[in-house]
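Participant: Fold the following for me, if possible:
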Amino acid sequence: QVQLVESGGGLVQPGGSLRLSCAASGSIFSINAMGWYHQAPGKQRELVASITNGGSTNYADSVKGRFTISIDNAKNTVYLQMNSLKPEDTAVYYCYADAETYRSGTYYPGIYWGQGTQVTVSS
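Facilitator: Below you'll find the model as predicted:
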């Protein structure tokens with residue numbers, strides 16, 4: 001199994017910054033990609049940003065130029081630097097990992113999720 005532990009959420013004023021971190025641990029053989037989704041009250045979960053183990057990135061249009069995703073492959077950790085935050089960025093942010101685990105001679109691909117961290121942008 002893979003466990004994802006998120007940190008870095010909180011309350012920030014509009015225009016401020018936050019940095020989210022997500023560390024993966026467990027019986028990981030390899031991680032293909034990691035990323036972040038967010039879910040605001042009453043809305044569907046949406047992709048914010050993703051990054052492959054080779055460094056290729058993808059961003060939602062709403063965060064391009066404001067958010068930066070990065071990955072530390074040695075630490076199995078993904079980061080999301082969020083700048084120029086807006087009230088509409090308020091949501092629970094969920095980390096995910098597209099990973100392979102290895103048990104008893106067999107590889108198991110899977111998508112794993114963190115428990116979420118609240119980001120609130122308000123004055």
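Participant: low-confidence ranges in this protein?
Facilitator: By pLDDT under 70, the chain has no low-scoring segment.
Participant: Would you map the strands across it?
Facilitator: 2-7, 10-12, 18-26, 28-39, 46-52, 57-59, 67-72, 77-82, 91-103, 106-113, 117-121 (DSSP state E).
Participant: give me the beta-bridge partners of the most centrally placed residue in the chain?
Facilitator: The residue lying closest to the centre of the chain (C-alpha atoms, centre = their mean) is W36, at 2.9 Å. W36 has these beta-bridge partners by DSSP bridges: A49, C95.
Participant: repeat for V2
Facilitator: G26.
Participant: What about it, how many residues nearby?
Facilitator: 19 (other C-beta atoms under 10 Å). Quick note: C-beta positions are derived from backbone N, CA and C, even for glycine.
Participant: for the one 5 residues further on, same thing?
Facilitator: Summarising burial for S7: neighbours were counted as other C-beta under 10 Å, giving 13.
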